[in-house]
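**Student:** My questions concern the predicted model and sequence given below.
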Amino acid sequence: MSAGTATGFWPAEPGDIQSPASDRGELAMEAIALRKEFKIGRRQSLTAARDVSFNLYRGAVIALVGESGSGKSTVARLLAGQETLTSGRVTLDGKPVDLASRGHFRAYKSQVQLVFQDPFSSLNPVHTVRYHLARPVRLHQHKTSSADVEAELGSLMEQVRLTPADQFLAKYPHELSGGQRQRVSFARALAAHPSVLLADEPVSMLDVSIRLEMLNLLDELRNNFKLALLYITHDIASARYFADEVLVMYAGEIVERGSAEQVTQQPAHPYTQLLVSSAPDPDNLGSILKTGGKRGANNAETPGRIVSACPFHPRCPFAEQKCRDERPPLMRVSATRGAACWRLDVAAPDVVAAGAGPDGH
Ligand code: ADP
Ligand code: MG
């Protein structure tokens, strides 16, 4: 493609950009051009997710990063089957997912588990830990003998380090700390023996002193269970800490994708540049986790409102007329890297030059 060779980036065709996690493990899930519109009022709708595509691989971590309101939870809920797609497709283990069929949905739900941000509201206060875990063990693993169930509960509690198991299994949510509740949430998700874990800001509501420990636990569970992990966060530094690929979301779209190293060390999209520069020090995760990190600047406009412009142009130091007139597609910058920006040659000349090599790396 001559235009591409000249400039070093061009609109990506489907399949043009490989995930840097694709060699980590088997393909578990494909999200293909997911779109979600919410009706707001009688005539207006809000596009919370637009053309969102990515793959999840067994044993790999894909981080979905963006500020509040960018559409991250919407993507997680779409993948978990808790919201219906406006358009787009999902596959699991190479097969198309049909969430309308009830039998199919049950099997899908055991394969794809969602852990929420808030460990306080996700557990029912009137039930013990044992109740929360025994249900999914019986339901998804078809275990009926109480000895089998007990053995499985003990092993789950050990995995999430809530021991002695019997003591914790008998407790009610209010008797646990925030971190302990989130461990129960992890155990409950694992009870279904999922292949995909969607973790929606799993440490954001926890005390800063235990965030790193919880991320390490999550990473260990990913490894032990060969989970395909989607780690959702507003904190790009924590994404760098353990993700294989980082997807940066802004106003419902993936505006940049690439290896965690590439995206955080040499961000190409002006929005990612802003996110990285507003994190205190991407190399110093300890301090970020201790201070809670800085959030990205506020979402200046409602996602989806601006249909025919780059959604980031009001905040972008590189914006020109074209950015106000036309929404940029995801540009292929290298074999594993893309950014949705018309001005990449000015915003990230080094990245473009590096990506323009003959092998595209
Ligand atoms: P994030 O998780 O990145 O903070 P969300 O996915 O929660 O973002 O929200 C993305 C956008 O979609 C926001 O503008 C939010 O207000 C809107 N939204 C989310 N859920 C609904 C809903 N059920 N109805 C209407 N708007 C919604
Ligand atoms: Mg959210």
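**Tutor:** Cool, the structure landed. Fair warning: this is a prediction, and the values are worked out from it, not measured in the lab. Ligands and ions are numbered 1, 2, ... in the order given.
**Student:** Report whether stretch 231-245 contacts ligand 2.
**Tutor:** No - Stretch 231-245 does not reach ligand 2 (C-beta under 5 Å from the ion); its nearest approach is 6.9 Å. Just so you know, the C-beta spots here come from the backbone N, C-alpha and C atoms, and that holds for glycine as well.
**Student:** What does the pLDDT read for whichever residue of the chain sits closest to ligand 2?
**Tutor:** For the chain, the residue closest to ligand 2 is residue 73, as judged by C-beta to the ion, at 3.2 Å. On the pLDDT scale, residue 73 is placed at 97.
**Student:** One more: residue 56?
**Tutor:** Here the pLDDT value assigned to residue 56 is 98.
**Student:** Check residue 350 too.
**Tutor:** Residue 350 is assigned 92 on the pLDDT scale.
**Student:** go on, the one 5 residues further on?
**Tutor:** Per-residue confidence (pLDDT) for residue 355: 77.
**Student:** start the count at 41, not 1, going forward
**Tutor:** Done: numbering now begins at 41, and the last item shifts to residue 395.
**Student:** which one is it nearest to, not counting chain neighbours?
**Tutor:** In this structure, residue 395 finds its nearest non-sequential neighbour in residue 374, 3.5 Å apart by C-beta to C-beta, 6 or more residues apart in numbering.
**Student:** measure that neighbour to ligand 1 for me?
**Tutor:** Per C-beta to the nearest ligand atom, to the nearest Å, residue 374 is found 27 Å from ligand 1.
**Student:** Surely that residue and residue 388 touch.
**Tutor:** No - with contacts counted by C-beta atoms under 8 Å, residue 374 stays clear of residue 388, the gap being 11.5 Å.
**Student:** residues in contact with residue 127?
**Tutor:** By C-beta atoms under 8 Å, 6 or more residues apart in numbering, the contact set of residue 127 is 73-75.
**Student:** Just the ones of those residues in strands?
**Tutor:** Among those, DSSP state E puts 73-75 in strands.
**Student:** Dump those to CSV, plus distance to ligand 1.
**Tutor:** Formatted as CSV, the ones in strands among the contacts of residue 127 follow (distance: C-beta to the nearest ligand atom, whole Å):
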residue, distance to ligand 1
73, 17
74, 12
75, 12
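**Student:** Buried ones among those?
**Tutor:** The neighbour count (16 or more other C-beta atoms under 10 Å) marks 74-75 as buried among the ones in strands among the contacts of residue 127.
**Student:** can I get the ones in strands among the contacts of residue 127 in TSV with distance to residue 106 and pLDDT?
**Tutor:** Below are the ones in strands among the contacts of residue 127 laid out as TSV (distance: C-beta to C-beta, whole Å; pLDDT from 0 to 100):
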residue	distance to residue 106	pLDDT
73	18	96
74	15	97
75	17	97
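**Student:** The stretch 141-290 of the chain: strands as residue ranges?
**Tutor:** Assigned strands in the stretch 141-290 of the chain, in chain order: 152-155, 236-240, 268-273, 285-290 (criterion: DSSP state E, counting those that start in this stretch).
**Student:** For residue 171, which non-adjacent residue is closest in space?
**Tutor:** Nearest non-adjacent residue to residue 171, counting by C-beta to C-beta, 6+ apart: residue 164, 8.0 Å away.
**Student:** just checking, the one you found touches residue 212?
**Tutor:** No - the pair residue 164 and residue 212 does not pass the contact test of C-beta under 8 Å, sitting 9.4 Å apart.
**Student:** the more surrounded of these two?
**Tutor:** residue 212 (14 against 11; other C-beta atoms under 10 Å).
**Student:** gap between that one and ligand 1?
**Tutor:** Residue 212 is 29 Å from ligand 1, by C-beta to the nearest ligand atom.
**Student:** Perfect, I'm done here.
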